[in-house]
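**Student:** next input, structure requested:
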Amino acid sequence: MLFMMIVKASKNSEAGMLPSQELMYAMTKYNEELVQAGVRVMAKGLHPSSNGIRISYKRPGEKPVVTEGPFTESKELAAGFILIDVNSREEAIEWAMRMPDPQGHGEGQIELRQVF
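**Tutor:** Okay, here's the model as predicted:
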């Protein structure tokens, strides 16, 4: 079963601030554990929304609207993701619970979604 752990953006990630060395080490260790367990498919961080483009479909049948970033609601943005292949929903939750606070400073939030 494929699950995506979506790391939510924070004010710091949207400002382009890199995590502390301590957090970088903890995340590297966590990713190594995922690889050693054979469950990690892919993991990537994303540039801040200031480099993003949003395509919105406002009305059926009309051309979509293109909006350049930044996007103001950081709680609705993703800062990165990890795609894992596990045997159950419970295993996916266990792996997500082991992730260090991905933003540090108590700002981290992970959304766990099953992939079709």
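**Student:** which SS class is the spatially most distant residue from the centre of the chain?
**Tutor:** Taking C-alpha atoms, centre = their mean as the measure, the residue most remote from the mean C-alpha position of the chain is G61, 31.6 Å away. G61 carries the three-state label coil when classified by DSSP: H, G, I helix; E, B strand; the rest coil.
**Student:** try E111
**Tutor:** Using three-state DSSP, the three-state assignment for E111 comes out as strand.
**Student:** what about it, distance to R54?
**Tutor:** Look at E111 and R54: by C-beta to C-beta, to the nearest Å, they are 18 Å apart. In short, each C-beta sits where N, CA and C put it, glycine included.
**Student:** one more: A96?
**Tutor:** Summarising the geometry, the distance separating A96 from R54, computed by C-beta to C-beta, is 26 Å.
**Student:** looking at these two, which is more packed in?
**Tutor:** A96 (15 against 12; other C-beta atoms under 10 Å).
**Student:** helices and strands of this protein: which one has the lowest mean pLDDT?
**Tutor:** Considering only helices and strands, the least confidently modelled element of the chain by mean pLDDT, DSSP states H and E is helix 11-14, at a mean of 87.
**Student:** and that helix, which residues are buried?
**Tutor:** Burial within helix 11-14, assessed by neighbour count using 16 or more other C-beta atoms under 10 Å, is assigned to N12, S13, E14.
**Student:** going by distance to N87, which of those wins?
**Tutor:** S13 (31.0 Å; C-beta to C-beta).
**Student:** the closest one reaches A79, doesn't it?
**Tutor:** Yes: counting by C-beta atoms under 8 Å, S13 does reach A79; the two are 4.2 Å apart.
**Student:** list residues touching both of the two?
**Tutor:** Counting by C-beta atoms under 8 Å, 6 or more residues apart in numbering, the shared contacts of S13 and A79 are Q103.
**Student:** for the longest helix that the chain contains, give me every contacting residue.
**Tutor:** Under DSSP state H, the helix in the chain containing the largest number of residues is helix 21-36. When contacts are defined by C-beta under 8 Å, 6+ apart, helix 21-36 is touched by residues 18-19, 40, 43, 82, 84, 95, 98-102, 104.
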